[in-house]
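Give me the fold of what follows.
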Amino acid sequence: HGEEDLAHSLANSCNAAYSNIGLTLKIESFRETAKELLFNEKLPSLLPYSQSKFRLTKESPDSEIMMTAIGQGKTQVSPYHMTLLTAAIANGGTLMQPYLVDQITNYSGTTITKNLPEKYATLMTSEEASKLKEYMTGVVEFGTGAALGGESYTVAGKTGTAEYSSDKEKSHSWFTGFSNVDNPELVISVVVESADKSGMSAVSV
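Residues are numbered from 1 along each chain as shown. As a prediction, this is how the structure comes out:
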């Protein structure tokens, strides 16, 4: 892509840019940021889930740092976790406590119990969330998620390609994002496993 600023690096999923950035980071600070974003931590959930893993240490070689900086290497994350992070970005940095049932009513329609919104944690500052929302809007407006542009609703999101083999042609396709950027309504994460075989992308889904 030539020389790019951070916004265009994110929009174009430019691995070289993030590999270079990764090599400039202090690993302990990188680990602490991952922890703040709930990697290697308990997630708020009523259902069983797989814990996300961030594995860099001070002993990690440059190659592993570069791979981790682009979201690959030994990093593991679930669609559920990515949805929580995306929801926090859409919500100004605040992650709410997830719940499965909105309300319970009796036979006559009277509400017996109702779940009310409750804060779980602040994952980032409102300024950080706003900047990420701006960058994720660029992904759809002029980047790898452009197929979602031109709809009756606006979208902010991030695409991803996760290689699952030493054969670089074999990969899973990711998309996480939210609709109606100025007043977010719906957050969704999609993973198409073995997208190289199906020819289907997470963005198209």
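
contacting residues around the residue nearest to the spatial centre of the chain?
With distances taken as CA atoms, centre = their mean, the residue of the chain nearest its centroid is residue 82 (4.0 Å). Residue 82 sits next to 174, 176, 189 when contact means CB atoms under 8 Å, 6 or more residues apart in numbering. C-beta here means a position set from N, CA and C on the backbone, and glycine is covered the same way.

Please identify the buried residues of stretch 135-144?
By 16 or more other CB atoms under 10 Å, the buried positions in stretch 135-144 come out as 135-141, 143-144.

related to what we said a few turns ago, list the buried ones in whichever strand or helix holds the residue nearest to the centre of the chain?
According to DSSP states H and E, residue 82 maps onto helix 79-90. Across helix 79-90, burial judged by 16+ other CB under 10 Å covers 79, 81-90.

Touching, residue 115 and residue 96? I think so.
No: using CB atoms under 8 Å, residue 115 is not in contact with residue 96, being 10.6 Å away.

which one of the buried residues of stretch 135-144 sits closest to residue 123?
residue 136 (15.0 Å; CB to CB).

Disregarding flanking residues, what is the spatial nearest neighbour of the closest one?
Leaving aside its chain neighbours, residue 136 sits nearest to residue 156 (3.8 Å; criterion: CB to CB, 6 or more residues apart in numbering).

so what's that neighbour up against?
90, 133, 136-137, 139-140, 177-178, 181.

Including distance to residue 35 and secondary structure, could those residues go into TSV?
Shown next, in TSV, are the contacts of residue 156 (distance: CB to CB, whole Å; DSSP: H, G, I helix; E, B strand; the rest coil):
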residue	distance to residue 35	secondary structure
90	22	helix
133	23	helix
136	22	helix
137	27	helix
139	26	helix
140	29	helix
177	24	strand
178	24	strand
181	28	coil
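
how many other residues sit next to the residue nearest to residue 78 when sequence neighbours are not counted?
Among residues not flanking residue 78 along the chain, residue 50 sits closest, at 5.2 Å (CB to CB, 6+ apart). Residue neighbour count, defined by other CB atoms under 10 Å, stands at 11 for residue 50.

Just say helix, strand or coil for residue 50.
Put simply, residue 50 is coil when judged by DSSP: H, G, I helix; E, B strand; the rest coil.
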